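Engineer: Prediction below, plus the sequence it came from.
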Amino acid sequence: WVALLCWRHETVADLRGRLLAAGVPEHRIYTLTGKQTTKKRDEVIEAARAAPPSAAGYLLCTTDAVQTGIDLTFCCHVIYAELAFVPARMAQSIKRFHRFGQTAEVTVTIVSVNGSLDDHMAEILTSKVKAISAVVGDGTETQVAKALDSDSEDMLLASLASKLNFNKGEDEDEPEHSAM
């Protein structure tokens, strides 16, 4: 499973459209946003967790929807397609994936374009995380530092789609689990 985290609901919708256009079947795209009720988010998480490994896909999330109280250990690839500007929110969202019960190594990637606002924010966030980690020492610095080296968003999405073998038209009769 790949989790794509965004700051804004609009980015989740945009990424969903891009994945569909790239040929990812609708039933392999799940969404979690702050606009959903807690019950709806729980239903989406359970549906994704229950999917067989051959039906693994993408979990598109807003950072605020995955801050606390949920277990997303069925995902092991976490990609920030858009940065949260508060290090504590990023740390909390990372901990939803990397927690007790996780059996796979969790990789965290932050996508940014050189010279962009997100690139500048990544530098600021890194310095903030280093300062926080120096005091708290919870290992967040290491995960964020590893995540700062990444490819462009389009290359990353294309690479993930090919690695997960999503082909246009495949499994079209499966039910949809991605209502926003």
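Structural biologist: Sure, I can see it. If you're wondering where the values come from, they're calculated on a predicted model, not measured in any experiment.

Engineer: pLDDT weak spots in this structure?
Structural biologist: Scanning the chain for pLDDT under 70 picks out the ranges 132-133, 136-180.

Engineer: Swap in 90 and give it another go.
Structural biologist: Along the chain, the parts satisfying pLDDT under 90 run over 1, 6-11, 34-35, 52-56, 63-71, 76, 80-180.

Engineer: which residue ranges form the helices in it?
Structural biologist: Taking DSSP state H as the criterion, the chain carries its helices at 9-21, 38-50, 87-95, 117-136, 140-147, 153-163.

Engineer: Check which helices and strands the second one is in contact with.
Structural biologist: For helix 38-50, the elements it packs on are strand 29-32, judged by 3 or more Cβ pairs under 8 Å, 6 or more residues apart in numbering; DSSP states H and E. In this view, the C-beta of every residue, glycine as well, is placed from N, C-alpha and C.

Engineer: Tell me the strands beside the strand it packs on, with direction?
Structural biologist: Partner strands and pairing direction for strand 29-32 (DSSP bridges) are strand 58-62 (parallel).

Engineer: any idea of the angle the strand it pairs with forms with helix 38-50?
Structural biologist: Angle between the axes of strand 58-62 and helix 38-50 is 150 degrees (criterion: axes from the mean of the first three to the mean of the last three Cα atoms, to 10 degrees).

Engineer: Make a markdown table out of the helices of the chain and add mean neighbour count.
Structural biologist: Shown next, in a markdown table, are these (neighbours: other Cβ atoms under 10 Å):
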| stretch | mean neighbour count |
| --- | --- |
| helix 9-21 | 17 |
| helix 38-50 | 15 |
| helix 87-95 | 20 |
| helix 117-136 | 15 |
| helix 140-147 | 18 |
| helix 153-163 | 15 |
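
Engineer: so which of these gets nearest Tyr58?
Structural biologist: In this view, the helices of the chain are compared for proximity to Tyr58 by Cβ to Cβ, and helix 9-21 is the closest at 6.0 Å.

Engineer: what packs against that closest one?
Structural biologist: With contacts defined as 3+ Cβ pairs under 8 Å, 6+ apart, helix 9-21 has these neighbours: strand 2-6, strand 29-32, strand 58-62, helix 153-163.

Engineer: So what angle separates the directions of that helix and strand 2-6?
Structural biologist: 140 degrees.

Engineer: mind checking how far helix 9-21 is from the chain centre?
Structural biologist: Per Cα atoms, centre = their mean, to the nearest Å, the displacement of helix 9-21 from the mean C-alpha position of its chain is 13 Å.

Engineer: Next: stretch 90-102.
Structural biologist: For stretch 90-102, the distance between its averaged C-alpha position and the chain's averaged C-alpha position is 11 Å (Cα atoms, centre = their mean).

Engineer: Same check on stretch 97-105?
Structural biologist: Distance of stretch 97-105 from its chain centroid, counting by Cα atoms, centre = their mean, is 15 Å.

Engineer: Many thanks, we can stop here.
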